[in-house]
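J.: how would this look folded up:
(chains A and B, ligands or ions: 2)
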Amino acid sequence: MAKYKNHILVCGGTGCRASESEAIASNLNASLSENNLQDDVQVVRTGCFGFCEKGPVVKMVPDNTFYVHVAPDDAEDIVLEHVIKGRKVERLLYVDPETKEHVSDSRHMDFYKKQLRIALRNCGFINPENIDEYIARDGYSALGTIMEEMTPEAAINVVKDSGLRGRGGGGFPSGLKWELTRKSEADQKYVVCNADEGDPGAFMDRSILEGDPHSVLEAMAICGYCIGADRGLIYIRAEYPLAIKRLKIAIEQARDYGLLGNDIFGTGFNFDVEIRYGAGAFVCGEETALIHSMEGLRGEPTVKPPFPAQSGYKEKPTNVNNVETFANIPAIFLKGADWFKKIGTEKSPGTKVFALAGKVNNVGLIEVPMGTTLREVIFDIGGGIKGGKKFKAVQTGGPSGGCLTEDHLDLAIDYDGLLASGSMMGSGGMIVMDEDDCMVSVAKFYLDFTVEESCGKCTPCRVGNKRLHEMLDKITLGQGEEGDLTRLRNLANVIKDTALCGLGQTSPNPVLSTMDNFPEEYQSHVKESKCPAGQCRALMQYVINSKLCVGCTLCSRVCPVDAISGEKKLPHVIDSSVCIKCGACIEKCKFGAISIQ
Amino acid sequence: MSKVKNLQDLKKMRDDLKGKITLREKSDHPDSLVQIKVSMATCGIASGARDTMNYMVDELESQAVDAVVTQTGCMGYCYAEPTIEVTLPGEKPVVFGQVDTKKASEIIEKYIKNGELVDGIIPDSYETIDKK
Ligand SMILES: Cc1cc2nc3c(=O)[nH]c(=O)nc-3n(C[C@H](O)[C@H](O)[C@H](O)COP(=O)(O)O)c2cc1C
Ligand code: SF4
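T.: Ligands and ions are numbered 1, 2, ... in the order given. The predicted structure is shown next:
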């Protein structure tokens, strides 16, 4: 084996691959060979680094230099300058948005300073297509130690003691779930990994599977040993081709090494994993719908109980956990339940991965200890609001969650804190909004999604959400009436109380939380037909300031619908019942006389 | 590929494979390690810095000294190339000049392992930006 003196880590997550990280890696290799350095420097394709905003990213090891927005053509400079001459390529360094200085060392970047990576511990560090690198990072030794030294009950107790809660949204204590499944008696049991990840904009689970697939396989085997199952199923959406490819490679490699299959670690324990594909319906992330989908039935939820722990896949006891939940498991066994419990808050130990998106400077994938405040996430890690605008709201929990305001910025993030303030953890989507975002439109956006994704099985969700959506539509068109706000709230509460599954039970949350936190914004849409954020097109008024207008007639000539009238050399007026708000007049006016109200 | 038969097997495998990634692990917490920077600009390379660097990497590893060796640009002491800068944990960096493999071995034995200074230290003549 060649002994490398430097490693160049190239991000191989989906985002960075889309922006040519493959070409960067091959150009780096070509340039290294040209300079006869192929035995000194190793180029490693890793999982997502999380800093997607600045992708593709390249990290030089051991000096930690972090290059951002790298193009395939930059490969040669990196080799000639950095590797050969030891000079940093200044133009590719990250520039601190506050100080405007180049930051070369990733450990000094605000984006990474407040993060703690447990679930993502190997993402961006190892080559996910090489099981040896996972083993070198203590991979599979948690499984081995448990099987050789612990009874299933003792191992379940470790998970219980750690306080780990399900990262798929509900926050159910994982150790308790394992115990319930263990206690269900049956000739066959299953371990299911929920990799459906349907929240719009979320990509935590995808990144874990792309960056560290073995951690999930190892955890599934541990779960199998604990609950007494010999088969594992990973339900993943077919839209995740790279994650699927890496999982397949990982499963093959683990089988070759005897870490999956029969007689693992010579203990007589058998466990193997299969991949099942989903078609990408949001409702199929709900565990009962997911199980039906795997059975070849329609992806529709059924009433719980019975819970999957009692009767799940093929009516056998089934333990369903989320990808991120599983990714925490090997770390908990390696470092101990006490170590894990010390991180985060008392009721929500550990960390949470978030997909930070929207109007922040650093969008990307982050992992922070529970209890970190929203302010730290948005302003320190996220680098504040884009374009120096004012923060307005942050949405957590996706279509099931709610919008929180400035008053909540110092809220410590954990399951219970978010719930108490009218939102929820969900699976980890976090969308930041600024003063230009209209809260009624935001609520409508999420309902667009739930109306589309409702499976249609029960009436409150199928019909109720449609009606909610119609009312919101009416309000954004300026046709809302006083009574609409009460009707909206009543219907939302009825849907919450009566829908069959979690999708319908939570779908009114975006509406209720925006109504609670931004009542004045709903009021002005309904009472004054005004959108304070200036986003609802139908409510915008184009007006001409008669003091500034000189009557040049330019605007009346560009208006495509002849909404502008007036005598030459005299102020003109816009007939707003005809105006289609195309903005053509504003662009043409040389006197700044036209404005939007 | 032979199968992993038991935990012992896996642990042995892990220890054999560790070398593949130690470089990356060390770079995550360099402050607790001996840090060595080898000046590898044109002048340094011309006077044999690459041999010095290779020698240091191999020697430190075979003696199991926890260190990270990186390369840097010209330090400005072209008259004394190859130059290396050594930072022991908690100490100020010290620059040595004319470090051939023989000198490198002396530095490892005396300074890095025992903290004794050796001939050839170049006095600190400037502040770098990151010290401020
Ligand atoms: C509409 C809906 C969608 C869901 N989507 C997902 C999903 O994409 N991924 C996931 O892990 N859990 C999802 N869940 C939660 C699952 O039903 C289940 O609680 C979870 O997979 C359990 O794993 P955990 O305890 O590890 O979180 C969804 C729930 C509902 C109601
Ligand atoms: S709440 Fe919606 S998604 Fe859930 S079962 Fe009813 S119709 Fe289907």
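
J.: Nearest residue to residue A:592 in space, please, no chain neighbours.
T.: Closest residue to residue A:592 apart from its sequence neighbours, by Cβ to Cβ, 6 or more residues apart in numbering or on different chains: residue A:548 at 6.3 Å. All C-beta spots, glycine's among them, are computed from the backbone N, C-alpha and C.

J.: Same question for residue A:344.
T.: Leaving out its chain neighbours, the residue that sits closest to residue A:344 by Cβ to Cβ, 6+ apart is residue A:370, at 3.4 Å.

J.: was I right about the one you found contacting residue A:354?
T.: No - in this structure, residue A:370 is not within contact of residue A:354 by Cβ atoms under 8 Å, at 11.2 Å.

J.: Those two - which one has more neighbours?
T.: Set residue A:370 next to residue A:354 and count neighbours by other Cβ atoms under 10 Å in any protein chain shown: residue A:354 wins out with 26 against 22.

J.: Can you list the helices and strands that whichever strand or helix holds that one packs against?
T.: Secondary structure from DSSP states H and E places residue A:354 in strand A:351-358. Here strand A:351-358 touches helix A:204-211, strand A:364-369, strand A:429-434, going by 3 or more Cβ pairs under 8 Å, 6 or more residues apart in numbering or on different chains; DSSP states H and E.

J.: neighbours of residue A:440, just the number please.
T.: 27.

J.: ok, now the one 10 residues further on?
T.: Residue A:450 has 25 neighbouring residues, counting by other Cβ under 10 Å.

J.: Same question for the one 10 residues further on.
T.: Residue A:460 sits with 20 neighbouring residues when counted by other Cβ under 10 Å.

J.: where are the low-confidence patches of chain B?
T.: B:1, B:41-42, B:73-76, B:78, B:123-132 (pLDDT under 70).

J.: Break it into its domains for me.
T.: B:1-29, B:33-127 (automatic domain parsing).

J.: Could you export those domains as JSON lines, including mean neighbour count and distance to ligand 2?
T.: Shown next, in JSON lines, are the domains of chain B (neighbours: other Cβ atoms under 10 Å in any protein chain shown; distance: least, Cβ to the nearest ligand atom, whole Å):
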{"stretch": "domain B:1-29", "mean neighbour count": "16", "distance to ligand 2": "44"}
{"stretch": "domain B:33-127", "mean neighbour count": "18", "distance to ligand 2": "54"}
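
J.: Distance to residue A:338 for the ones you listed - can I get that in JSON lines?
T.: Below are the domains of chain B laid out as JSON lines (distance: least, Cβ to Cβ, whole Å):
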{"stretch": "domain B:1-29", "distance to residue A:338": "22"}
{"stretch": "domain B:33-127", "distance to residue A:338": "27"}
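
J.: what helix or strand is residue A:245 on?
T.: helix A:241-256.

J.: for the residue nearest to residue A:344, what are its contacts?
T.: A:343-345, A:348-352, A:412-414 (Cβ atoms under 8 Å, 6 or more residues apart in numbering or on different chains).

J.: Filter those residues down to the buried ones.
T.: A:343-345, A:348-352, A:412-414 (16 or more other Cβ atoms under 10 Å in any protein chain shown).

J.: Now do the buried residues in stretch A:367-386.
T.: Buried, per 16+ other Cβ under 10 Å, within stretch A:367-386: A:367-385.

J.: next one: stretch A:561-572
T.: A:563-564, A:566, A:572.

J.: Out of these, list just those in strands.
T.: residue A:564 (DSSP state E).

J.: Among the buried residues of stretch A:561-572, list the two that are farthest apart in space.
T.: A:563 and A:566 (11.4 Å; Cβ to Cβ).

J.: for chain A, which strand is longest?
T.: Chain A, longest strand under DSSP E: strand A:269-278.

J.: how near is the residue of chain B found nearest chain A to residue A:264?
T.: Chain A sits closest to residue B:3 of chain B, with a gap of 3.3 Å, by Cβ to the nearest Cβ. Per Cβ to Cβ, to the nearest Å, residue B:3 is found 9 Å from residue A:264.

J.: Could you name every residue contacting both of the two?
T.: Shared contacts of residue B:3 and residue A:264, defined by Cβ under 8 Å, 6+ apart, comprise residue A:258.

J.: Need the nearest residue in space to the residue of chain B closest to chain A, chain neighbours excluded.
T.: Nearest one to residue B:3, counting by Cβ to Cβ, 6+ apart, is residue A:258 at 3.3 Å.

J.: rewinding a little: quick one: contacts for the residue of chain B closest to chain A?
T.: A:256-258.

J.: mind putting those residues in CSV, pLDDT included?
T.: Formatted as CSV, the contacts of residue B:3 follow (pLDDT from 0 to 100):
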residue, pLDDT
A:256, 96
A:257, 95
A:258, 95
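
J.: In TSV: those, plus neighbour count.
T.: Shown next, in TSV, are these (neighbours: other Cβ atoms under 10 Å in any protein chain shown):
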residue	neighbour count
A:256	15
A:257	21
A:258	20
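
J.: before we move on, the earlier item: you'd agree the residue of chain B closest to chain A is in a helix?
T.: No - counting by DSSP: H, G, I helix; E, B strand; the rest coil, residue B:3 is not part of a helix but coil.

J.: which element is the residue in chain B that ligand 1 sits nearest to on?
T.: Using Cβ to the nearest ligand atom, residue B:10 is the residue of chain B that sits closest to ligand 1, at 26.6 Å. Assigned by DSSP H and E, residue B:10 falls within helix B:7-17.

J.: And that helix, what does it pack against?
T.: Helix B:7-17 packs on helix A:131-136, helix A:141-149, going by 3+ Cβ pairs under 8 Å, 6+ apart.

J.: which residues touch residue 65?
T.: All of this is about chain A. So residue A:65 contacts A:59, A:82, A:88, A:93, A:104-105 (Cβ under 8 Å, 6+ apart).

J.: Switch to chain B, please.
T.: So residue B:65 contacts B:34, B:108, B:112-113 (Cβ under 8 Å, 6+ apart).

J.: do residue A:381 as well
T.: For residue A:381, the contact set (Cβ under 8 Å, 6+ apart) comprises A:110-111, A:113-115, A:356, A:362, A:366, A:368.

J.: how much space between residue A:286 and ligand 1?
T.: Going from residue A:286 to ligand 1 by Cβ to the nearest ligand atom, to the nearest Å gives 4 Å.

J.: so that residue makes contact with residue A:501?
T.: Yes - the criterion here is Cβ under 8 Å, and residue A:286 meets it with residue A:501 at 5.3 Å.

J.: Give the residue from those two that has the larger number of neighbours.
T.: More neighbours surround residue A:286 than the other of residue A:286 and residue A:501, with 28 against 22 (other Cβ under 10 Å).

J.: Mind pulling up the pLDDT for that one?
T.: The per-residue pLDDT reported for residue A:286 equals 96.

J.: Against residue A:169, how distant is it?
T.: Relative to residue A:169, and taking Cβ to Cβ, residue A:286 is found at 10 Å.

J.: hey, what's in contact with both of those two?
T.: Joint contacts of residue A:286 and residue A:169 (Cβ under 8 Å, 6+ apart) are residue A:502.

J.: and the residue in the stretch 301-450 of chain A positioned nearest to ligand 2, what helix or strand is that in?
T.: Residue nearest to ligand 2 within the stretch 301-450 of chain A: residue A:301 (4.6 Å; Cβ to the nearest ligand atom). Using DSSP H and E, residue A:301 sits within no helix or strand.

J.: what's the nearest residue to it once chain neighbours are set aside sitting at in phi/psi?
T.: Excluding its sequence neighbours, the residue lying closest to residue A:301 (Cβ to Cβ, 6+ apart) is residue A:501, at 3.6 Å. The phi/psi pair for residue A:501 (degrees, to the nearest 10) reads phi -120, psi 180.

J.: Run a quick check on residue A:501 versus residue A:289, I expect a contact.
T.: Yes - the pair residue A:501 / residue A:289 is scored as a contact, 7.2 Å apart, by Cβ under 8 Å.

J.: follow-up on the earlier one: so the residue of chain B closest to ligand 1 is in contact with residue A:141, correct?
T.: Yes - the criterion here is Cβ under 8 Å, and residue B:10 meets it with residue A:141 at 5.9 Å.
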